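> Need coordinates for the below:
(chains A, B, C, D, E, F, G, H, I and J)
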There are 10 protein chains.
Amino acid sequence: MSSTEGYGQNIWDIINNAIFNENHHEMVIVKDIDISSLCEHHLVPFTGKMHIGYVPRHRVIGLSKLPRIAEMFSRRLQVQERLTKEVADTIMEVLQPQGVAVVMESSHLCMVTRGVQKYSAVTITSCVLGCFETNDKTRNEFLTLVGSG
Amino acid sequence: MSSTEGYGQNIWDIINNAIFNENHHEMVIVKDIDISSLCEHHLVPFTGKMHIGYVPRHRVIGLSKLPRIAEMFSRRLQVQERLTKEVADTIMEVLQPQGVAVVMESSHLCMVTRGVQKYSAVTITSCVLGCFETNDKTRNEFLTLVGSG
Amino acid sequence: MSSTEGYGQNIWDIINNAIFNENHHEMVIVKDIDISSLCEHHLVPFTGKMHIGYVPRHRVIGLSKLPRIAEMFSRRLQVQERLTKEVADTIMEVLQPQGVAVVMESSHLCMVTRGVQKYSAVTITSCVLGCFETNDKTRNEFLTLVGSG
Amino acid sequence: MSSTEGYGQNIWDIINNAIFNENHHEMVIVKDIDISSLCEHHLVPFTGKMHIGYVPRHRVIGLSKLPRIAEMFSRRLQVQERLTKEVADTIMEVLQPQGVAVVMESSHLCMVTRGVQKYSAVTITSCVLGCFETNDKTRNEFLTLVGSG
Amino acid sequence: MSSTEGYGQNIWDIINNAIFNENHHEMVIVKDIDISSLCEHHLVPFTGKMHIGYVPRHRVIGLSKLPRIAEMFSRRLQVQERLTKEVADTIMEVLQPQGVAVVMESSHLCMVTRGVQKYSAVTITSCVLGCFETNDKTRNEFLTLVGSG
Amino acid sequence: MSSTEGYGQNIWDIINNAIFNENHHEMVIVKDIDISSLCEHHLVPFTGKMHIGYVPRHRVIGLSKLPRIAEMFSRRLQVQERLTKEVADTIMEVLQPQGVAVVMESSHLCMVTRGVQKYSAVTITSCVLGCFETNDKTRNEFLTLVGSG
Amino acid sequence: MSSTEGYGQNIWDIINNAIFNENHHEMVIVKDIDISSLCEHHLVPFTGKMHIGYVPRHRVIGLSKLPRIAEMFSRRLQVQERLTKEVADTIMEVLQPQGVAVVMESSHLCMVTRGVQKYSAVTITSCVLGCFETNDKTRNEFLTLVGSG
Amino acid sequence: MSSTEGYGQNIWDIINNAIFNENHHEMVIVKDIDISSLCEHHLVPFTGKMHIGYVPRHRVIGLSKLPRIAEMFSRRLQVQERLTKEVADTIMEVLQPQGVAVVMESSHLCMVTRGVQKYSAVTITSCVLGCFETNDKTRNEFLTLVGSG
Amino acid sequence: MSSTEGYGQNIWDIINNAIFNENHHEMVIVKDIDISSLCEHHLVPFTGKMHIGYVPRHRVIGLSKLPRIAEMFSRRLQVQERLTKEVADTIMEVLQPQGVAVVMESSHLCMVTRGVQKYSAVTITSCVLGCFETNDKTRNEFLTLVGSG
Amino acid sequence: MSSTEGYGQNIWDIINNAIFNENHHEMVIVKDIDISSLCEHHLVPFTGKMHIGYVPRHRVIGLSKLPRIAEMFSRRLQVQERLTKEVADTIMEVLQPQGVAVVMESSHLCMVTRGVQKYSAVTITSCVLGCFETNDKTRNEFLTLVGSG
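Numbering: from 1, shown residues only, chains lettered A, B, ... in the order given. Got it, this is the predicted structure:
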C-alpha cells in the first residue's frame, strides 16, 4: 500500500457488510495496531500504535475491520491529531455505537531532524466521542484496559 | 480436546458439586487463564488469556472450576464478545454470586491475514454483571488487581 | 515447618509482647511475603505472595510479626479464601487497629492437573476490615502502594 | 548548542508561524523529551525527560515546536522548578489553549557530590495551568497517558 | 558516616540557608533516595528507598537538602514508622510548606533471620501532612508520580 | 491427567506414526514446555519448564509429540534428574536422531518446607546424547538458542 | 494475502531486479520478521518470527526483499523445518552469497489442542548454508547479533 | 536461625543419609538460593543469592540438601570468599562428585556505610573444583545455565 | 541538520584536532548512538542505533567525535551497509588504530509500506577492520560488551 | 567529596591495612559501583558504573576498599580511559594479585551539548592486567559474570 492509497478507498468497501446484530453492550477494544502515516507538513513519516475502543448499541463490527479503517486513513497525508479524529468519527458514523475512543502514540521523524534531535520523544493524541466523552468511568476503564497489557 | 468439544459438555458435570457454603464475601479472582478458541466467521483461531472475578453470596466455587467453565465455552465456534459474555452469564447462573466480571485479551489470526497484517494487535472484551456493573469501586478494584501482577 | 504445624501454634506465643505504643496513625504495609500452603480439598499445595496492611490505633506491632502470623495460618489445611480471612481477622483481633487489609496471589497446583492444564493461572483473594472496608480512599491507597513496586 | 544559548533565542523565531487553525479540542501530548540543563546554584548539570500536554482552543502548534520551546528554556541557568514553569507559561501565552501541563523528571549531579551520594535519586516537578489545574479528570488523564508507555 | 552519627547533626547546619523565595506552588518530589538505617529493636539494618514530596508555600528548599534530611534521621537507631514520620515532621517545621508526603519502602534483615525467612518481603510506611492529608487528589497525584517511573 | 497416569501410557501410542522422512539435518528445538511432576522421595510436586532439542537423521517427528513424550514421563513418580534422562533416552531410541538434548528448570516444593525455606531456588538438570555430547559447538548452539528468547 | 497465495508467486517477480553490485562483504541481518503460516499436517496456523542473515559475495539484495521471500514461502502449506530451509535455499540460489542463515521461532496452535495443552511452548528451527555451515565463528556471530536486541 | 547457629550444626546430620546411587552423570544445578550471612570484620550482614552445581560420580544428593549446606555455613561469622569456598569444599568431600562449582552474588551493608555509599554495588565470588576447574567447557556450561533464567 | 547536510562537511573540521597521544591500548566503545538516515533507493528514512569500538595505537580520539563522525555520514543518501562501512573506514583512516568495529541496528520504513508490512523487522549490519577482523577474541569481546548493557 | 578531592588522598590511608592473607585463589568481583567524575577536556561530568575483578595471589583486600580506590581516582580531573587504567594499575601495585580487570560504562554530558545531542550514548572502557590479559578464559569468565546480573 502506498502512502496515499487511502484516498482511493471507500469505507463501505472496507466494512463489506461485516456489521452484525449482537446482544452485546460492553466495551470492545483493539489495541496495539501498528500504524505508519505521512505528515502533511514535512512529508516525513510518523509511525506508532493506535488503540480503538467502542461500546456497541445493538450492533458489533467484525474485529479486523477496526484496524482496516485505521489503515485507510493512515494512507493519506495527515497530521496525527486529525488521523486520530477521522478514525473515531468514521466508526461513530458507520456503526452508531454508544461511543468511540481512539488513542494514538507515535514517533515523528521530524523530531529527529535539524535543530531538535529528540529521538525518544513520543506524541500521544486521543479522540473520545459519545459515552466516552460524557462518562468519566467509561473513559477511565478504556485507559486502564489499554494500559494494562 | 477438539475445537468443538465444548458443545457436548454439561455445565453441571463440570462443576461436579464443587460449590461450598463459606462465610466469605470478598472478591475472588482467577487471572491469566490460557484460552484458545475458533472464530465462527473465518474458522481461524484466536488465543489469549481470560481473567474471571466474582463476589460470593454465601457460596464459593472450587477455584479450578472457573478455568474449566472458560474452557468449555472456548471449545465451541465463537466470537470473542460472546465467549466473554457466556462465561460471565454461566457463573452468574450456577453460583448466583453478588456479581461476576470477565475480561479477555487475545490475538486473532484473522488480523494477520490478507490485507491487514497487524501482528501485534490485541483484542480486549469484557462483561460485568451484578455488583461489578452497578458499583464502580468494585469494578475498579477488579481491574486494579488484574493489572497489578 | 511441616504443612500442618500451624495447628499447634499459639498466636500470643508468636506475638511475644511485640506490640508497642507508638504515636503513629499511618498505613503500615508488609508486601511480597512468600507463602506456601496445602489445599484441604485436594491436598495439593498452593504457593504465592501475601500483602498485609493495617492502619494503627495507638499501637504498632513488630514488623516481623506480620509474616509470622501469615506463616502460622498457612501451615494448616486451607482454602485460599479462608487463609486470607484468618490472617486479617487475627490481626484485627490482637492489635485492634483502625483497619486491616490482606491480599494474596498464588498458583494452585490443582490447576495443572488432569483436565484443566492452566499453568499460568493466578488466584487472587482479599479481605478488608475496618477503615479499609468503609473508606474507599484507604483501600485504593493500599492497592496502589502494593502494586507500585 | 551551549548551556546558555537559550538566552539569545526568541520564542517567535522558534515557533515560526507553525500555529494552525484546526478543529481539534482533545489533549495533545509530547512525552519523553530529552532535556539537559545547568543548575544556577552549583553550575552542575541536571538531565532528564520532560512531558508536555495541552488541550487546544481552536489552534494547534506544530508538534516539533513543543520540544524546541523546552530546549530554549533548558539552555539557560535554571532551577528545575522554574524551567518546568517557564515552559508551561510560554505555551499558555503563545498558543492560548484551554490548558497546559508540564512534568519533568531528572537526575541532578549535585546529588552525587560531597556528602549526599544519592546516585539513584530522581527529582520530579510539574506545572499545570488552565483546565489541567481546574479539572481533576483532565489532569488524571494526562498523568495516566504519560505513565502508560 | 556511622549508624548513629545522625544524633550529632543539627538540622539548620544541614539546611545551611538553602531556603529560597520562589513563586512556585506546585508539587516537588525527590524519589528513590537510597536509605540505610538500624532497627532499634534488634540492632539489625534495614535498607531501601525513600520518596519525599512537598507543595511549597512561597519558599522552596535546595533539592539536595531533602535527601540530606532523610540521611540525618536514618543515621540514628530507628523503627521505619518513626523514621518516615520524623522526616515529614522536620520538613513541615523548617519549610512550612502547604504539605509534605514521605513514603519509604525497605527490606528488613530481621525478616530473614531465625523462624521467618521471608527474603522478598518489603515494608512500606508513609506519612502525609498538610494538604497531602486533607486533599485526596494531592495525595493521589503524589502516589501516581512516585509510581510512574 | 493424574500424577501417575504416565505409567499406563505406551510410547508408540503417543507417537502414533508421526515420524516422517524429511531431508532436514538441522537442529529442531521445542522450548518452554510446561511440566509438573511428583517427587518420589517426598511426594511433593515440582513444576517448571523443559527444553528439548534434537538433530535429525533422515527422519523428523511431529512437533507436538515432543511435549507429549515429556508429559508421559512427568506423570510418574520421579526425581528431576531421572525425568530429564528418560525423556532424552526415549527420543534417542524411537527416532534414532544424530543427538538429543534435554534441559529442565523447575521449582521444588520440598525447598519451601520445614527447615530450608528457599522460595526462589530453581533446580536445573540436563541430559545430552549423541552429537550434543560429542560436539561442543552443537551443545553451545542449543544452549544459546534456548536462552535467546 | 491468503494462506496459499504463495504458490502462485514467482521469486524473480518478487526480487524485481533489486540485486546490486556493492563492495560489501560483511554479514547483513534482518531479524524479527513476523511470519504466519499453515501447518500441512493439521491445517492449523503457526506464527512467530524469522531471522535471516547472509554474507554477500560482490552483490547485495534490497533489504525489503528478504522479508518478501520469507512471506512467499509462508503463504503455502508448510512444516516449520521445511519453511526455514526453503527460505535459506532460495536466497542461496538467487543471490549466491558466501552463506545464508535462517532461524525461526514460533508458536504452533496444534500444541494447545486436545491432549497436550502447552500454551507457552516455542519451536525453534534453523538452517545454515555456506560459510555459516563451515565456519563456527560466523555462525556464532550471527546467533549473538540476533540474540542481542 | 540465629547468625551463629551454623557452628553447632553437623554436616552429616544435615545430609541425613540423603545420598543415593543413581546412574546419572550430568550437571545438576540449584540456583538462586537466598543467603544471609554476617561479615566477620564489621559484624554487618551481607545478603544475596548462591548458585551451586555439581557433576555426579555414581551418587546424587537430595536436592534440598544443597541449600541446607549453604545455610549451615552462612550461619557463621564469614567473609564471602570463604563462605563460597567452604560450601564447595564440603560438597566435594561428602559427595565426592566429579566436580563442584559455587557462585555467590551479594550486597554488603558495609558498602553503604560511612565514606563509600555505594548502594548498588554487588560482590561476586566463585569457587570451582574438580572437572569445573580442569574443563573449561564444563565451567562455561555452568555459567551459561546459571545466567540463562 | 538536513538529511543531506553531511555532504558539505569535512572530516578534519569535525575532528578539530581532538586526537591525543595517550598510553592506552585497550578497546574503547561508544554504544547506542541514535542515528537517522535516508535510504537512497526509496528516499524513505531509516532510524536506529550505532555502536562504535576501536583499539588505540598510541593515539585516542575525543569521545564525542565518534558520534559526530557517524552523524556526518548519516546526513547523506545512504544504504545501511555503506553507512556502516564508511564510518569504520573513516575512523581507520584518520586515527590509524589497531582496529575498528561498527555495528548498526535500525528500522527501515520501506519495510512497513505496500506489500511487506513488517513493522517489527530490524536490520543489522556490521563492519570490522584491523585487529577486529583478524582476532576473533577481540571481536567477541566487542560483541559481548555492546550486548551487555 | 568535591570533584578534585581525590588529589589529596593517599592510597595507603584508604587501604588502611585491610589486606589479609587468605587461602583463596578464585576471582573476586565488585560490580555496579556508582562513579561520577569530571572530564578534564570540557570540565563536564561523566557518570556511570565501574566493575572491578581480581584473582588473588595469597592475599585478599577488604571488599569495600575496591570502591574506595575507584572513588579516589574519580575525584580528579579525568578522561574515562585513564580513570579505568589508574584503578587497575593501583590494585595491581598494592595487592600484587595474579591479575586485575576493570570495566567502566558511563554517560558523558559532553555528548548532549551543542552539535551532537546523543542522549542515549554510553561509553565503555576497560583495562585488563596479568592473568586477565594473558588468559582468554579468565577474561571471558569475568565478562560473563559481570554481564549476568
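> Mind listing what's buried along stretch A:4-18?
A:Gly6, A:Gln9, A:Ile14, A:Ile15 (16 or more other CB atoms under 10 Å in any protein chain shown). (Glycine included, C-beta is placed from N, CA and C.)
> For chain A, which segments count as helices?
With helices called from DSSP state H, chain A shows them at A:11-15, A:65-74, A:80-95, A:131-134, A:136-147.
> for those helices, which one sits closest to A:Asp34?
Across the helices of chain A, A:Asp34 has its closest neighbour in helix A:65-74 (8.5 Å, CB to CB).
> angle of the closest one against helix A:80-95?
With axes from the mean of the first three to the mean of the last three CA atoms, to 10 degrees applied, the angle from helix A:65-74 to helix A:80-95 works out at 130 degrees.
> thinking again about what came up before, export the buried residues of stretch A:4-18 as CSV, with columns for pLDDT.
Output for the buried residues of stretch A:4-18, formatted as CSV (pLDDT from 0 to 100):
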residue, pLDDT
A:Gly6, 82
A:Gln9, 85
A:Ile14, 90
A:Ile15, 90
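> List just the nearest of those residues to chain J.
Ranked by distance to chain J (CB to the nearest CB), the buried residues of stretch A:4-18 are led by A:Gly6 at 33.9 Å.
> okay, the closest residue to the closest one other than its chain neighbours: pLDDT?
With CB to CB, 6 or more residues apart in numbering or on different chains as the criterion, A:Gly6 has its nearest non-adjacent residue at 3.0 Å, and that residue is A:Arg75. Turning to A:Arg75, the model gives it a pLDDT of 91.
> ok, A:Arg75 to chain G distance?
17 Å (CB to the nearest CB, to the nearest Å).
> Same question for A:Val87.
23 Å.
> now do A:Gln117
For A:Gln117, the distance to chain G - CB to the nearest CB - is 22 Å.
> End to end on stretch A:65-83, go ahead and measure it.
16 Å (CA to CA, to the nearest Å).
> for that stretch, the distance to its chain's centre please.
7 Å (CA atoms, centre = their mean, to the nearest Å).
> ditto for stretch A:57-71
Counting by CA atoms, centre = their mean, stretch A:57-71 comes out at 11 Å from the chain centroid.
> Which residues belonging to that stretch are considered buried?
For stretch A:57-71, the neighbour count (16+ other CB under 10 Å) marks A:Val60, A:Ile61, A:Gly62, A:Leu63, A:Ser64, A:Lys65, A:Leu66, A:Pro67, A:Arg68, A:Ile69, A:Ala70, A:Glu71 as buried.
> Closest one to D:Gly147 out of these, please.
For those, the nearest to D:Gly147 is A:Ala70 (24.0 Å; CB to CB).
> Next one: the closest one from A:Ile14, what distance?
A:Ala70 sits 10 Å away from A:Ile14, going by CB to CB, to the nearest Å.
> does A:Ser36 really touch I:Val112, like I thought?
Yes - with contact defined as CB atoms under 8 Å, A:Ser36 counts as touching I:Val112 (4.6 Å).
> can you list residues touching both of the two?
A:Thr47, I:Tyr119 (CB atoms under 8 Å, 6 or more residues apart in numbering or on different chains).
> circling back: could you dump the helices of chain A into TSV with distance to A:Ser107 added?
As requested, these are exported to TSV (distance: least, CB to CB, whole Å):
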stretch	distance to A:Ser107
helix A:11-15	26
helix A:65-74	14
helix A:80-95	10
helix A:131-134	25
helix A:136-147	18
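> which stretch among those helices comes nearest F:Val79?
helix A:136-147 (44.4 Å).
> residues making contact with that closest one?
So helix A:136-147 is contacted by A:27, A:29, A:31, A:51, A:53, A:55, A:99, A:101, A:103, A:128, A:131-133, B:103, B:124, B:126, B:136, B:139-140, B:143, B:147, D:137, D:140-141, D:144-145, D:147-148 (CB under 8 Å, 6+ apart).
> rerun at 7 Å
A:27, A:29, A:31, A:51, A:53, A:55, A:99, A:101, A:103, A:128, A:131-132, B:124, B:136, B:143, B:147, D:137, D:141, D:144, D:148 (CB atoms under 7 Å, 6 or more residues apart in numbering or on different chains).
> Next, the contact list for A:Met92, please.
A:Val100, A:Leu129, A:Gly130.
> again, 8 Å this time
A:Gly99, A:Val100, A:Leu129, A:Gly130.
> mind listing which of these are in strands?
A:Gly99, A:Val100, A:Leu129, A:Gly130 (DSSP state E).
> Dump these to JSON lines, plus neighbour count, pLDDT and distance to J:Glu22.
Shown next, in JSON lines, are the ones in strands among the contacts of A:Met92 (neighbours: other CB atoms under 10 Å in any protein chain shown; pLDDT from 0 to 100; distance: CB to CB, whole Å):
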{"residue": "A:Gly99", "neighbour count": "24", "pLDDT": "98", "distance to J:Glu22": "71"}
{"residue": "A:Val100", "neighbour count": "26", "pLDDT": "98", "distance to J:Glu22": "70"}
{"residue": "A:Leu129", "neighbour count": "21", "pLDDT": "96", "distance to J:Glu22": "72"}
{"residue": "A:Gly130", "neighbour count": "19", "pLDDT": "97", "distance to J:Glu22": "74"}
